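Asks: Just need the structure, nothing else, for what follows:
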Amino acid sequence: MNSRPQNTSAESKGGRSPFPSLSQGASNLRVFTLSELKTATKNFNRTAKVGEGGFGCVYKCAIKSHEDSPEKVEVAGHKEWVTEVNVLGVVEHPNLVKLVGYCAEDDERGIQRLLVYEYMPNRSVEDHLSTRSASPLPWAMRLKIAQDAARGLAYLHEGMDFQIIFRDFKSSNILLDEQWNAKLSDFGLARLGPSEGLTHVSTAVVGTYGYAAPEYIKSGRLTSKSDVWSYGVFIYELLTSRRPFDRNHPKNEQKLLEWVKPYLSDSKKFQHILDPRINWNGSVRSAQKLAVIANRCLIRHPKSRPKMSEVLEMVNRIVEASQEIGSSQPSVGN
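Replies: Below is the predicted model of the structure:
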């Protein structure tokens, strides 16, 4: 923690850790008292509430750093508290939400578990894809979000000496910072990857309908390729601004992956699935290339899906090509 004002947030949780070997990771985190966080949130006043996390309410407030400098925080609650401390306490990456500290105390209501992490002022990607959003994200920003999210997942899967499977990758768990960088958040459902010699982790099926891989839903067999499937779903969400499952559409359009399928083979038809609120002039080709990547992520057989590092390489090439096209456009003078 430095002396400059810094944005943070906090979340309350409880439960057993599925990451016992990682428990030392929390030693570098700041320990907050419950009194500090109560004071900062005015006793968790609803005027400080900014939303709902996957497992509880989220509050924004101001705290003081070790150097007595104000910081912004949020507070939320869910039972997978130890999981999130252990995951975020040992990982550090520009595309993962930074955990600043935690609180673990007893009070008159029982055991209180809270997390304090960096504040993300531009909310979630889901918020901006919503048809209720007054200013839909332009294509260049959506492409960067796809790249940032792929970086975050690739790091979790392949960037450390152990593997973490996110298990709940979705647009509402991708948050945007002040510079609109995308960061993965809400790691309460994360699991360590399979031990050496094993092909998968067997676990209860949890997550969000529409994002979960079919083999995981059917058998509870979890692998990093389950996250790859969810990433493919997310790409179509970026392209269309439609949720993976939405009852507000006609019945034959409620399931996103089924709705887009007839439009993918024809370049003229393909444009019909793109979010009509944004200007696609000159960008349809890169959108089609991104859809090709999504299709590879959505192959039914998990072993045939690419690794996230391979997905990231493919997305990087699309981003680079788009930047080259943009820089080659003639400027118009008076």
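Asks: C-alpha only now, for contacts and for neighbours.
Replies: Noted.
Asks: which residues of the stretch 151-300 of the chain score low on pLDDT?
Replies: 195-205 (pLDDT under 70).
Asks: Okay, helices next: where are they in it?
Replies: Ranges of helices in the stretch 151-300 of the chain, per DSSP state H, counting those that start in this stretch, are 214-219, 224-240, 256-260, 267-270, 284-297.
Asks: which of the ones you listed sits most buried?
Replies: helix 224-240 (a mean of 25; mean count of other Cα atoms under 10 Å).
Asks: between that one and helix 284-297, how big is the angle?
Replies: Interaxial angle, helix 224-240 versus helix 284-297 (axes from the mean of the first three to the mean of the last three Cα atoms, to 10 degrees): 150 degrees.
Asks: Return the distance of helix 224-240 from the chain's centre.
Replies: With Cα atoms, centre = their mean, to the nearest Å as the basis, helix 224-240 stands 11 Å off its chain's centre.
Asks: if we can go back for a sec, nearest to Ser124, out of the helices of the stretch 151-300 of the chain?
Replies: Closest to Ser124 of those is helix 224-240 (Cα to Cα; 12.5 Å).
Asks: helices or strands next to that closest one in the packing?
Replies: For helix 224-240, the packing partners by 3 or more Cα pairs under 8 Å, 6 or more residues apart in numbering; DSSP states H and E come out as helix 139-158, strand 164-165, helix 256-260, helix 284-297.
Asks: One more pass at 7 Å, please.
Replies: With contacts defined as 3 or more Cα pairs under 7 Å, 6 or more residues apart in numbering; DSSP states H and E, helix 224-240 has these neighbours: helix 139-158, helix 284-297.
Asks: Give me the residues contacting the shortest one.
Replies: It refers to helix 284-297. Val228, Trp229, Gly232, Ile235, Tyr236, Arg305, Pro306, Ile318, Ser322 (Cα atoms under 7 Å, 6 or more residues apart in numbering).
Asks: how far away is the fourth one from His128?
Replies: If I follow you right, that is Ile235. 14 Å (Cα to Cα, to the nearest Å).
Asks: just the first one next, same as before
Replies: Taking Cα to Cα as the criterion, Val228 is separated from His128 by 22 Å.
Asks: Ok, the last one next?
Replies: Taking Cα to Cα as the measure, Ser322 and His128 are separated by 22 Å.
Asks: just the fifth one next, same as before
Replies: When Cα to Cα is the yardstick, Tyr236 and His128 sit 15 Å from each other.
Asks: if we can go back for a sec, want to try TSV for the helices and strands packed on helix 224-240, with distance to Phe270 as columns?
Replies: As requested, the helices and strands packed on helix 224-240 are exported to TSV (distance: least, Cα to Cα, whole Å):
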stretch	distance to Phe270
helix 139-158	16
helix 284-297	8
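Asks: Compare these and give me the one nearest Asp177.
Replies: Using Cα to Cα, the helices and strands packed on helix 224-240 put helix 139-158 closest to Asp177, at 11.4 Å.
Asks: so the closest one versus helix 284-297, what angle?
Replies: 20 degrees.
Asks: What are the buried residues along helix 139-158?
Replies: Neighbour counts over helix 139-158 (16 or more other Cα atoms under 10 Å) mark 139, 142-157 as buried.
Asks: and if you look at stretch 111-120?
Replies: Buried residues in stretch 111-120 (16+ other Cα under 10 Å): Gln112, Arg113, Leu114, Leu115, Val116, Tyr117, Glu118, Tyr119, Met120.
Asks: which element is the second one on?
Replies: In this case it means Arg113. strand 110-117 (DSSP states H and E).
Asks: returning to what we had before: in TSV: the helices of the stretch 151-300 of the chain, plus distance to Ala190.
Replies: Output for these, formatted as TSV (distance: least, Cα to Cα, whole Å):
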stretch	distance to Ala190
helix 214-219	14
helix 224-240	11
helix 256-260	25
helix 267-270	35
helix 284-297	20
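Asks: Nearest approach to Glu105 belongs to which of those?
Replies: The nearest among the helices of the stretch 151-300 of the chain, by Cα to Cα, is helix 224-240 at 33.8 Å.
Asks: which residues are contacting that closest one?
Replies: Taking Cα under 7 Å, 6+ apart as the rule, helix 224-240 contacts 142, 146, 157, 165-167, 169-171, 211-213, 216, 243-244, 273-275, 291, 294-295, 297-298, 302, 305, 308.
Asks: What does the pLDDT read for Phe331?
Replies: Phe isn't right for residue 331; it's Ser. Looking at Ser331, its pLDDT reads 49.
Asks: go on, Asn95?
Replies: Predicted confidence (pLDDT) at Asn95: the value is 97.
Asks: how far away is it from Val31?
Replies: 24 Å.
Asks: same thing with His93?
Replies: 21 Å.
Asks: Quick check: beta-bridge partners of the closest residue to Tyr102 other than its chain neighbours?
Replies: Among residues not flanking Tyr102 along the chain, Leu115 sits closest, at 4.3 Å (Cα to Cα, 6 or more residues apart in numbering). Beta-bridge partners for Leu115, by DSSP bridges, are Glu11, Tyr102.
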